[in-house]
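1. Quick one, fold the following:
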Amino acid sequence: MGQGEVRTFAPGDGVEGLSREQLIAYAQLCSKNLFAIDGTWFQSIESELGMDAAMHHDEQAWRRYTESEARRLNAFLGLEENPGLEGLAQALPLKLTSLCNETELSWEGDDLVFRVVSCRVQSARGRKGMPYHPCNPVGLVEYSGFAKAIDSRIECSCESCYPDVADGSCACAWRFRLQG
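-> Alright, predicted model coming up:
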């Protein structure tokens with residue numbers, strides 16, 4: 001581009017021409033950026049107003065965001081209405097929070113179990129000498145809201161999440177069950 005030249009980009013034009021590997025790396029970068037902005041505003045509220053206020057606002061933000069993300073992924077994947085746990089199993093690995101964390105998905109009988117093996121948020125707080133984020137309440141809002149937006153019949157329960165750690169081999173674990 002020459003000086004004074006203006007080039008207009010429509011949404012998505014910036015990624016055209018990227019290789020498959022570059023697109024994957026870019027998706028992971030976007031996921032890391034989501035965590036960065038989430039952590040930045042959270043820590044700002046935490047340092048100014050305390051953990052309780054930060055947690056309150058975190059829950060409100062994730063309640064709204066996670067439902068929106070699920071609806072967009074549902075459309076992106078072309079899932080039918082109420083696709084059950086199978087639809088959720090397709091969507092969970094594509095959540096932005098899944099793209100930069102090591103995760104596992106497994107079937108235990110009729111239940112779907114999603115585990116975050118290593119969490120960027122907790123790792124970063126540990127590196128900075130900060131106390132762990134008490135993410136259980138926010139995680140329940142995030143994962144139950146996501147599941148219900150995929151299929152309103154899905155119930156979510158926490159298997160393990162700080163500060164209620166029952167499984168030390170992962171950062172958190174969530175169980176999904178289809179009701180009725």
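
2. Strands of the chain, residue ranges please.
-> Assigned by DSSP state E, the strands in the chain fall at 102-108, 111-118, 154-161, 172-178.

3. and for the second one, what are the contacting residues?
-> Counting contacts by CB atoms under 8 Å, 6 or more residues apart in numbering, the residues outside strand 111-118 that touch it are 85, 88-89, 92, 97-98, 101-107, 143, 159, 167, 169-177. Yep, even glycine has a C-beta here, placed from its N, CA and C like the rest.

4. sorry, back to before: what's the closest of the strands of the chain to Asp58?
-> Taking CB to CB as the criterion, strand 154-161 is the member of the strands of the chain that comes nearest to Asp58, at 13.7 Å.

5. OK, contacts around the spatially most central residue of the chain?
-> Residue closest to the mean C-alpha point of the chain, counted by CA atoms, centre = their mean, is Thr97 at 3.0 Å. When contacts are counted by CB under 8 Å, 6+ apart, Thr97 is found next to Ser31, Leu34, Phe35, Val116, Glu142.

6. Just the closest of these to Glu81, please.
-> Of all the contacts of Thr97, the one with the least separation from Glu81 (CB to CB) is Glu142, at 22.1 Å.

7. May I have the phi/psi pair for Pro134?
-> Here is the backbone geometry of Pro134 (degrees, to the nearest 10): phi -80, psi 70.

8. That one and Pro163 touch, don't they?
-> Yes - under the criterion of CB atoms under 8 Å, Pro134 lies in contact with Pro163, with a separation of 5.1 Å.

9. Who has more neighbours out of these two?
-> Pro134 (17 against 11; other CB atoms under 10 Å).

10. any idea how far the more buried one lies from Ser144?
-> Look at Pro134 and Ser144: by CB to CB, to the nearest Å, they are 17 Å apart.

11. what's the longest helix in this protein?
-> Selection of the longest helix in the chain by residue count, based on DSSP state H, yields helix 20-49.

12. buried residues in that one?
-> By neighbour count, and taking 16 or more other CB atoms under 10 Å as the criterion, the buried residues in helix 20-49 are Ser31, Leu34, Phe35, Asp38, Gly39, Phe42, Gln43, Ile45, Glu46.
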